[in-house]
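In: Requesting a structural model of the entry that follows:
(one chain, ligands or ions: 2)
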Amino acid sequence: MKDNIEVLITEAEITARVNELAIDIAKQIDNDWLVIALLRGSFIFAADLVRALHNAGCNPQIDFMTVSSYGDDTESSGKVNINYDTKAEVKDRKVLLIDDIFDTGRTLSATVELMHQRGVTELKTAVLLEKPERHEVDLKADHVGFQIDNKFVVGYGLDSVNRYRTLPYIGWIRGDK
Ligand code: IMP
Ligand code: MG
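Out: Ligands and ions are numbered 1, 2, ... in the order given. Below you'll find the predicted structure:
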């Protein structure tokens, strides 16, 4: 499978950056926080990040959500399809949202809006990747692992039609735009 893929960010680079992110995040959150990983794309990043948080002295609670932003509607704020919801009640909680990639930003922005509607008291966001050229929303993620060019990437949890999630690095498929 690897022959097909051009490596963009190596496994070692990801590990080093995830550890740096955890050290930064651990300065801002404590064990009272609830971490919500947005599935499916963030599952590997979230798994590594929360263990790095532990190593940085921080042990928050963990939960999961699967969301998708509404179609191509530019007015996506607060409009999010919830395919799987958190077990935990988020009202009056401090929440760290983790996602794989900030592309247009609609997913994260709509989820942030939803969290506010549900009464979170404090909110932070962390994404592994960001494509600055693609931003369509005002929101900025609080923690960003890597900024990348406007290319479709796979690996480390990110998929193309549910393939390539297993790659331990981030790359792009040769021949893709
Ligand atoms: P948004 O455009 O920021 O709302 O991103 C929506 C979702 O599209 C992300 O959470 C990813 O799951 C997916 N996505 C966006 N860009 C890529 C990519 O380059 N590779 C794989 N998935 C992507
Ligand atoms: Mg996603």
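In: Only C-alpha atoms from now on, for both contacts and neighbour counts.
Out: OK.
In: Which strands or helices does the helix ranked longest in the chain pack on?
Out: Counting by DSSP state H, the longest helix found in the chain is helix 11-26. In this structure, helix 11-26 packs against helix 43-55, strand 143-147, with contacts taken as 3 or more C-alpha pairs under 8 Å, 6 or more residues apart in numbering; DSSP states H and E.
In: Please convert the ones you listed to CSV, extending it with mean neighbour count.
Out: What follows is the helices and strands packed on helix 11-26, written out as CSV (neighbours: other C-alpha atoms under 10 Å):
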stretch, mean neighbour count
helix 43-55, 19
strand 143-147, 17
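In: Could you export these as a markdown table, including distance to residue 21 and mean pLDDT?
Out: Listed next are the helices and strands packed on helix 11-26 as a markdown table, based on distance: least, C-alpha to C-alpha, whole Å; pLDDT from 0 to 100:
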| stretch | distance to residue 21 | mean pLDDT |
| --- | --- | --- |
| helix 43-55 | 8 | 98 |
| strand 143-147 | 7 | 98 |
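In: what would the ones you listed look like in a markdown table with distance to residue 83?
Out: Output for those, formatted as a markdown table (distance: least, C-alpha to C-alpha, whole Å):
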| stretch | distance to residue 83 |
| --- | --- |
| helix 43-55 | 16 |
| strand 143-147 | 25 |
